[in-house]
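Asks: coords please:
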Amino acid sequence: MVNSTKKTSVGTTQECQSRGDAGAADIRAWQEGARGSLFVTAAAQVFVSMMARCIGAKAMRTLVMTSMPTEKQRTLAQVVSTLGGFSIVDRVSESTTHVVSGGHRRTLNILLGIARGCWILSFEWILWCLEQRQWIPEEPYELSEQFPAAQFSHVGLEFTARAFGKH
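Replies: Residues are numbered from 1 along each chain as shown. Model (predicted):
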């Protein structure tokens, strides 16, 4: 077992224990047990994600769609299948990095995405990615006017990731 100390952006010290696969298994078991409670899941996902990063557990990036008609869902699935790099899931989780919205409703996935620091994007981002045949920068398609907290949330997480050397 190896202890490492890392400085956070606010100067506090966080202890991380690198335990390899055993640590990752512990985190996955804890996550499975916590899924029953919305508050536990929402509040603890950031902590679990940071711990997973700390011990080196890697997860596939996931994308969640919300408030989206069936035809747009099909288009999004086609783009993800073509470009790769994401797995589509129904609910925001610790591996979710992007929430794509077909409307401007404040859904549970939008709120969880904001809490997790995910990109909250309009469907137009998907259309432009399809046209460019690659994942393009998210900033112009972020729904920051509809959900102002979204921008501050992921910017803060990016800053923290840089402080931990994970960006």
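
Asks: where does pLDDT dip in the chain?
Replies: 1-59, 154-167 (pLDDT under 70).

Asks: show me where it has strands.
Replies: 2-7, 13-18, 62-66, 87-89, 96-101, 119-122 (DSSP state E).

Asks: this structure - how does it break down into domains?
Replies: Residue ranges for the domains of the chain, per automatic domain parsing: 2-55, 62-156.

Asks: and for residue 105, the neighbour number?
Replies: As a burial measure, residue 105 scores 11 neighbours (other Cβ atoms under 10 Å). C-beta coordinates here come from the backbone N, C-alpha and C atoms, glycine included.

Asks: okay, and the beta partners of residue 101?
Replies: residue 66, residue 122 (DSSP bridges).

Asks: burial of it, as a residue count?
Replies: So residue 101, with other Cβ under 10 Å, has 25 neighbours.

Asks: could you find the closest non-adjacent residue to residue 124?
Replies: residue 141 (5.5 Å; Cβ to Cβ, 6 or more residues apart in numbering).

Asks: check contacts around that neighbour.
Replies: By Cβ atoms under 8 Å, 6 or more residues apart in numbering, residue 141 lies in contact with 121-122, 124-125, 128.
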